[in-house]
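[1] Fold the following, please.
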Amino acid sequence: MPTREHEGCEGEGRQRPSEHGITAATGLIALLGHPVGHSLSPRMHNAAFRAQGLDLVYLAFDVEPVNLPVAVAAMRALGVRGANVTVPHKEAIMPLLDHLAPAAARVGAVNTVVNRNGRLEGYNTDLAGFSQALRLLLPEGAGGRRCLVVGAGGAARAVVAALMEDGAARISICNRTFRRAVDLCQAASTWGSAQCEALPWAEVGEGVEKAEIVVNATPVGLSTAVKDLALPVDKLHSGHVLVDLVYGRETTALVRAAQARGARAVDGKPMLVFQAAQSYLLWTGHQPPLEVMWECVQDERRG
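    The predicted structure is shown next:
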């Protein structure tokens, strides 16, 4: 519920960047992705900026892959303070930046950019975000567990790295393009001691059956244009923990199906908040107002 310091996500907070809202001095934080129309990040971050009286605004930009270099060049030219990076740009943006933080370089994916006087620095806050989200379902974490990660893109790389750091016993990676799963598995072998195996797409069902933790790190379910579920839900049961990185205004179909079969399941909203909090700290130097951010995600049907 809103506290006395703010009035939720609808822009009624008592603190404002200025008396008249956006001015010529207002700083811009961007979201770069394709698509971005579903994103709750602008609503969440703008409410957080208002709650702390920061003269910043967060806007989403739908950037097709071919235009990513131009978008990054525009960040420099326009003095954009920072950015979040989402599907499908988390890997492609890396060579366009001036510096990579150790976690981003190791994982091979960036979800946060900070502009320090024209020097663009890339970070990955998805690792911490996923670990915190998983602990909402599994307080003890992934230590000693058998895991299946569906997908092999930028989000999957962060998930695999987080599971490795958490001490998972085995990580299976299944992707429609098998070679990408193999490449991710080979890279992950240097991130921790868990056994890692790449599974052909035809074996995703067997992977679910053998796993205790299942993660959908694909965009399947992100838009109405994608109608299939990311994995066979008939293999899920009450012993499974499922994290679907996809989120929308409603609980995802995959999460609903998993819960119907008794599994503990959550969509991508908790990870969204936890990774966003780390990004916010990098951009502003302020501890994020987590209550405000949570309210925006949990009450998104209002806006």
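[2] alpha carbons only for contacts and neighbour counts from here, please
    OK.
[3] can you map out the strands along the protein?
    Under the criterion DSSP state E, the chain contains strands at 27-33, 56-62, 82-85, 99-100, 112-116, 119-123, 146-150, 170-174, 195-199, 213-216, 241-244, 264-266.
[4] What strands flank the fourth one, and is each parallel or antiparallel?
    Spelled out, that is strand 99-100. strand 119-123 (parallel) (DSSP bridges).
[5] Columns mean neighbour count and distance to Q287 on top of the strands of the chain, output as a markdown table?
    Formatted as a markdown table, the strands of the chain follow (neighbours: other C-alpha atoms under 10 Å; distance: least, C-alpha to C-alpha, whole Å):
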| stretch | mean neighbour count | distance to Q287 |
| --- | --- | --- |
| strand 27-33 | 22 | 17 |
| strand 56-62 | 18 | 15 |
| strand 82-85 | 25 | 17 |
| strand 99-100 | 18 | 22 |
| strand 112-116 | 23 | 16 |
| strand 119-123 | 22 | 17 |
| strand 146-150 | 26 | 31 |
| strand 170-174 | 25 | 33 |
| strand 195-199 | 21 | 36 |
| strand 213-216 | 26 | 29 |
| strand 241-244 | 25 | 26 |
| strand 264-266 | 23 | 25 |
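[6] Of those strands, give the one that comes closest to E250.
    Proximity to E250 (C-alpha to C-alpha) singles out strand 264-266 among the strands of the chain, at 11.8 Å.
[7] Determine the set of other helices and strands touching that closest one.
    On a contact count with 3 or more C-alpha pairs under 8 Å, 6 or more residues apart in numbering; DSSP states H and E, strand 264-266 meets helix 126-137, strand 241-244, helix 253-260.
[8] Recalculate using a threshold of 7 Å.
    When contacts are defined as 3 or more C-alpha pairs under 7 Å, 6 or more residues apart in numbering; DSSP states H and E, strand 264-266 packs onto strand 241-244, helix 253-260.
[9] Save the ones you listed as CSV, and put in mean pLDDT too.
    Listed next are the helices and strands packed on strand 264-266 as CSV, based on pLDDT from 0 to 100:
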stretch, mean pLDDT
strand 241-244, 98
helix 253-260, 95
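[10] what are the ranges of the helices in the stretch 201-303 of the chain?
    Taking DSSP state H, counting those that start in this stretch as the test, the helices found in the stretch 201-303 of the chain are 204-210, 253-260, 269-284, 290-298.
[11] can I get these in a markdown table with mean neighbour count and distance to N117?
    Formatted as a markdown table, the helices of the stretch 201-303 of the chain follow (neighbours: other C-alpha under 10 Å; distance: least, C-alpha to C-alpha, whole Å):
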| stretch | mean neighbour count | distance to N117 |
| --- | --- | --- |
| helix 204-210 | 19 | 46 |
| helix 253-260 | 20 | 42 |
| helix 269-284 | 21 | 13 |
| helix 290-298 | 19 | 28 |
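[12] Quick check: which of those helices is nearest to G167?
    Between those, helix 204-210 lies closest to G167; by C-alpha to C-alpha that is 17.4 Å.
[13] got the contact list for the closest one?
    Helix 204-210 has contacts (C-alpha atoms under 7 Å, 6 or more residues apart in numbering) with L148, S172, C174, V214, L231, P232, K235, L236.
[14] Can I get it as PDB, trimmed to CA atoms?
    Included here for helix 204-210 are C-alpha records, laid out as PDB according to Å, rounded to 0.1, in the frame of the first residue of the first chain:
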ATOM      1  CA  VAL A 204      12.800 -30.500 -23.400                       C
ATOM      2  CA  GLY A 205      10.200 -32.700 -21.900                       C
ATOM      3  CA  GLU A 206      12.800 -35.100 -20.500                       C
ATOM      4  CA  GLY A 207      14.700 -32.100 -19.200                       C
ATOM      5  CA  VAL A 208      11.600 -31.000 -17.200                       C
ATOM      6  CA  GLU A 209      11.100 -34.400 -15.800                       C
ATOM      7  CA  LYS A 210      14.700 -34.600 -14.500                       C
END
